[in-house]
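Undergrad: got a predicted structure plus its sequence, pasted below:
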Amino acid sequence: MLRAAIYARFSSDNQRDESIDAQVRLCRGHIERMGYVLVKTYADEAITGHTDDRPQFLQMIQDARAGLFDVLVVDKVDRFARDKYDSAIYKRELRKKCGVRIEYASQHIDESPEGLMMETILEGFAHYFSLNLAREVMKGLKENAHRGLFCGGRPPLGYRTVPAGSPDKNGRVPKTLELDPEVAPLIYRIFEIIDAGGGYREAQEATREGFIAVRGRPLSRNSIHDVLKNERYTGTGVFDKGTKRNHRTAGKKPIKVPNAFPAIVPREMWERVQAKMEARRRNTRPMPTARARQPYLLTGYIFCGVCGGAMVGAAARGRDKKRYPYYECNKRNRNKDCDLKRIRQDTVEEIVLKEMWQGIFAPEMRPKVLAKLDTELQKQPQAITDELRYLDEQIKVTQRKVDNIVQAVEDGRGGALLTRLDQLEAHLETLRARRSELLAAREQPVTIEMIAKALNQAADDLQKRDSPDKLRKLVEAFVQRVTVYNDEVEVILHFHFGNVSDKDGSANGTRTRVSALRGRCPGPLDDSATFFWLRD
């Protein structure tokens with residue numbers, strides 16, 4: 001007897017749980033008629049089928065890989081997915097790799113070629129319906145925005161939603177914003193503090209006194225920044241400014257409606273605050289509380305050895321009231337999910353710079369580095385020739401595909417191929433750009449004399465240490481990764497031949513103790529290393 005599983009889904013918060021129950025009931029009836037045994041039911045509620053990020057759906061795929069069932073029963077094609085690409089990928093995996101048959105309770109689609117063709121057509125209709133629905137919903141939201149209505153989501157602090165008309169045919173009541181009499185004065189106070197030359201800390205104190213809270217916590221610096229950047233506080237309705245994931249990124253044509261809501265701050269004050277924030281960002285006319293940015297050489301290259309997360313620069317005052325910079329795990333800083341101890345900035349940067357000097361730039365090491373790089377240089381002409389030959393072939397193949405799609409579209413047979421055409425043209429542009437780079441490299445090749453000069457200059461910069469910008473460029477050129485543990489620091493360089501001191505015979509190379517922390521530099525010179533560090 002075949003084992004069967006059911007998958008059901010509805011996509012809108014406006015739909016009810018009965019939608020799931022109805023789908024499951026129909027699927028159970030199909031299973032009974034076919035004589036299967038039901039082993040598990042999966043249901044995703046209020047999640048769109050236009051994404052595969054559905055918990056129960058992904059659990060169903062995982063269970064299929066484990067061989068938990070033989071047949072998957074779905075009510076209709078569009079309940080499985082509304083995105084035709086996701087549908088094709090996951091159905092192929094279920095059928096080909098997992099050996100699972102897919103059947104539909106309300107649609108007669110078998111495994112024959114005709115049945116699969118009908119399934120493909122229905123998937124295309126489901127995909128079209130989803131995209132068309134999104135377009136119509138966006139059209140309605142834009143119309144509401146032009147009318148000065150609030151288009152949904154959480155209202156900004158200082159406002160609350162109120163009805164602005166009669167329900168539409170779907171029972172939805174249009175809404176607008178009105179002032180929250182308790183919070184609006186505190187929002188005005190934040191703008192007033194910044195406009196008078198104050199800083200975020202003063203604004204935070206003001207919100208603590210008035211107890212403006214986000215999810216039960218006082219406003220953070222980031223929340224205050226978002227308040228100050230929000231143009232709605234001038235009474236302007238703003239819509240389609242960005243995405244839910246990146247709301248600070250402006251859309252192509254954001255809709256702005258002046259005087260859509262009651263203003264909390266005058267437009268003149270809001271613009272003055274924007275100018276002060278921009279000046280602070282550019283550091284041209286810093287506000288009185290602004291401080292010079294502390295340069296952290298290892299940002300982007302230093303990671304936590306406990307949880308694997310990135311480490312970030314921070315600072316704190318000691319008992320002597322002096323400000324000490326250090327690196328700390330970002331997870332520990334944000335949500336206390338890591339127990340790695342913070343490390344002084346000067347300690348870990350000294351370890352890295354010392355290992356760079358002893359492993360690459362010391363006088364006894366430079367001949368070895370140059371010899372290895374000279375060997376690699378001799379391989380460059382042939383490597384460039386081989387890659388150019390490969391690129392020329394790929395350009396021909398890709399251009400042929402582009403021409404075929406263009407011809408199909410001109411013949412009226414390829415409306416759905418336009419997305420693929422964009423992908424191919426972007427790939428073709430990438431191939432041609434890489435070919436131009438290689439041709440330039442062949443016409444003006446790097447010589448060993450150029451490398452020796454650059455290496456000596458880099459060694460001089462490392463010895464002087466008079467420019468953080470130059471040290472940062474050296475880190476970018478020669479450091480691959482720095483990993484900090486509670487009792488040691490691991491430094492991996494692109495170029496390394498081993499230290500000249502503190503040999504310990506470990507498989508990872510040599511170690512240097514600094515302030516009770518050890519630095520490791522494993523590995524020989526990376527054969528794949530290029531000469532990008534010569535560009536600057």
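TA: That came through fine.

Undergrad: show me the shaky parts of the stretch 351-500 of the chain.
TA: Across the stretch 351-500 of the chain, the stretches falling below the confidence threshold (pLDDT under 70) are 412-419, 495-500.

Undergrad: what about the strands in it?
TA: Applying DSSP state E, counting those that start in this stretch to the stretch 351-500 of the chain gives strands spanning 479-484, 488-493.

Undergrad: so which of those gets nearest T447?
TA: Relative to T447, the nearest member of the strands of the stretch 351-500 of the chain by CB to CB is strand 488-493, separated by 23.5 Å. Every residue, glycine included, has its C-beta placed from N, CA and C.

Undergrad: starting at the chain centroid, how far to the closest one?
TA: Average the C-alpha atoms of strand 488-493, do the same for its chain, and the two points are 27 Å apart (CA atoms, centre = their mean, to the nearest Å).

Undergrad: kindly report the same for stretch 149-159.
TA: Centroid separation for stretch 149-159 versus its chain: 26 Å, with CA atoms, centre = their mean.

Undergrad: for that stretch, list the C-alpha coordinates in PDB.
TA: Written as PDB, here are the backbone C-alpha positions of stretch 149-159 (Å, rounded to 0.1, in the frame of the first residue of the first chain):
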ATOM      1  CA  LEU A 149      -4.600  57.600   2.500                       C
ATOM      2  CA  PHE A 150      -2.400  55.400   4.700                       C
ATOM      3  CA  CYS A 151      -1.300  52.300   2.700                       C
ATOM      4  CA  GLY A 152      -0.800  49.900   5.500                       C
ATOM      5  CA  GLY A 153       1.900  48.700   7.800                       C
ATOM      6  CA  ARG A 154       2.700  50.000  11.300                       C
ATOM      7  CA  PRO A 155       2.000  53.700  11.600                       C
ATOM      8  CA  PRO A 156       5.000  55.900  12.400                       C
ATOM      9  CA  LEU A 157       5.600  56.800  16.100                       C
ATOM     10  CA  GLY A 158       3.500  59.800  17.000                       C
ATOM     11  CA  TYR A 159       0.600  58.800  14.700                       C
END
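
Undergrad: list the buried residues for that stretch?
TA: Residues of stretch 149-159 classed as buried: 149-151, 155-159 (neighbour count, 16 or more other CB atoms under 10 Å).

Undergrad: pull the longest helix from this protein.
TA: With DSSP state H applied, the helix covering the greatest number of residues in the chain is identified as helix 366-410.

Undergrad: what is that one packed up against?
TA: Helices and strands touching helix 366-410, by 3 or more CB pairs under 8 Å, 6 or more residues apart in numbering; DSSP states H and E, are helix 418-443, helix 448-464.

Undergrad: need the pLDDT of L72.
TA: According to the per-residue confidence, L72 scores 95 in pLDDT.

Undergrad: that one and Y90, how far apart?
TA: L72 sits at a distance of 10 Å from Y90 (criterion: CB to CB, to the nearest Å).

Undergrad: just L26 next, same as before
TA: Applying CB to CB, the value for L26 to Y90 is 21 Å.

Undergrad: pretty sure A105 sits against V77.
TA: No - contact status for A105 versus V77: not in contact, 11.2 Å apart, counting by CB atoms under 8 Å.

Undergrad: in the stretch 1-150 of the chain, where is pLDDT below threshold?
TA: Across the stretch 1-150 of the chain, the ranges flagged by pLDDT under 70 are 11-18, 49-50, 123-148.

Undergrad: of all the helices and strands packed on helix 366-410, which one is nearest L116?
TA: Closest approach to L116 among those is made by helix 418-443 (21.2 Å; CB to CB).

Undergrad: in the closest one, what's buried?
TA: Along helix 418-443, the positions that meet the burial threshold by neighbour count (16+ other CB under 10 Å) are 421, 424-425, 428, 431, 435, 441.

Undergrad: nearest to R9, out of the residues you listed: which one, please.
TA: Nearest to R9 out of the buried residues of helix 418-443 is L421 (CB to CB; 31.8 Å).

Undergrad: excluding chain neighbours, what is closest to that closest one?
TA: Across the structure, with CB to CB, 6 or more residues apart in numbering as the measure, the residue nearest L421 apart from its sequence neighbours is I405 (4.7 Å).

Undergrad: how many other residues sit next to the one you found?
TA: The local packing of I405 (other CB atoms under 10 Å) involves 19 other residues.

Undergrad: kindly report the same for V74.
TA: By the other CB under 10 Å criterion, the neighbourhood of V74 contains 25 residues.

Undergrad: same check on R25?
TA: Neighbouring residues of R25 were enumerated by other CB under 10 Å; the total is 14.
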